[in-house]
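Trainee: Everything below, folded, please.
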Amino acid sequence: MNKHIPNQKHSLGALLTIALCSISLLFSGCSTTKSTGSWKNTEYPAYTPQKVLVIGITQNLTARKIFEEQLVKELQSRGTEAGMGSDFFPVSFTGTQQSEVQIQKKIDTLRKAGFDAVLISAVKSVDEKISYNTNPGTTYFYYGRFRRYYFTYQNIYYTPYYYEKYKVYHVESSLFDLKDRLENTTLIWTAGFDVSSPQNIQNSVHDYIKKLIAGMEKEKLIPRTNP
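Mentor: Next up is the predicted model:
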């Protein structure tokens, strides 16, 4: 069941206006990804894009290139033509705030280049979490007495790094249709993911794209690869 429902009507121009000004570090080394839900436009039950522009919103140019290249390859392997957003949204464009008029000109350029859809991914928010280095496999029944409970947890007072802080990136990927209207664009599908445990850019991108592609296949937005 689709759980990730947009709070308001989205437009590609408005999303890009916000996202291109973002200072979020998309995929800054995260290694685990969990789906938090998705939403699909019921007015487009059989939508399948033919040529998709992949855009990763981040100031980390290395992460952006890795993400866009890998996602383009995954789409192409399924018979969907795809291109990299960095070829159309270079640093000279993303490095400064753009008006909706300027962004609309970019959208017109994409249409002229044959793109009928845009798949854009951006960090919506970041939470800092804390994990506790407790004994694995311990059950609550083990703490039947205060003495045992205190004995188990007393090292919190003197053990360095008993608490481990980490960040959870709430990332959203959205697919917009470019075909139907001259000026407007339509949100077809959006999905949310939580990306956590900073480790390695390559691993984090691979894990995220795997979940993203699985979600698009489930909604029949792209074909599945041959078994």
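
Trainee: Need the contact partners of stretch 192-211.
Mentor: Identification of contacts with stretch 192-211 by CB atoms under 8 Å, 6 or more residues apart in numbering yields 4, 27-38, 60, 62-63, 66-67, 70-71, 74, 124, 129, 166-173, 212. Just so you know, the C-beta spots here come from the backbone N, C-alpha and C atoms, and that holds for glycine as well.

Trainee: Could you list which of these belong to strands?
Mentor: 30-38, 124, 129, 166-173 (DSSP state E).

Trainee: Flag the helix or strand of this protein with the lowest per-element mean pLDDT.
Mentor: Ranking every helix and strand in the chain by mean pLDDT, DSSP states H and E puts helix 12-19 at the bottom, with a mean of 46.

Trainee: rewinding a little: got a PyMOL select line for the buried ones in the ones in strands among the contacts of stretch 192-211?
Mentor: Buried residues among the ones in strands among the contacts of stretch 192-211 (16 or more other CB atoms under 10 Å), as a PyMOL selection:
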select buried, resi 30+31+32+33+38+167+168+169+170+171+172+173
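
Trainee: how many other residues sit next to the closest residue in space to residue 34 that isn't next to it in sequence?
Mentor: What sits nearest to residue 34 in space, not counting adjacent residues and going by CB to CB, 6 or more residues apart in numbering, is residue 194, at 4.8 Å. Neighbour count for residue 194, taken as other CB atoms under 10 Å: 15.

Trainee: same check, this time on residue 47
Mentor: Neighbour number of residue 47 under other CB under 10 Å is 18.

Trainee: Pull the contacting residues for it.
Mentor: Contacts of residue 47 by CB under 8 Å, 6+ apart are 41, 177, 188-189, 221.

Trainee: So among those residues, which ones count as buried?
Mentor: Buried among these (16+ other CB under 10 Å): 177, 188-189, 221.

Trainee: just these now: which is nearest residue 117?
Mentor: The closest of the buried ones among the contacts of residue 47 to residue 117 turns out to be residue 177 (CB to CB; 5.8 Å).

Trainee: Can you show me the helices along the protein?
Mentor: Ranges of helices in the chain, per DSSP state H, are 12-19, 61-77, 91-94, 100-112, 146-153, 201-218.

Trainee: Mean neighbour count for those - can I get that in CSV?
Mentor: Below are the helices of the chain laid out as CSV (neighbours: other CB atoms under 10 Å):
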stretch, mean neighbour count
helix 12-19, 19
helix 61-77, 18
helix 91-94, 14
helix 100-112, 14
helix 146-153, 11
helix 201-218, 19
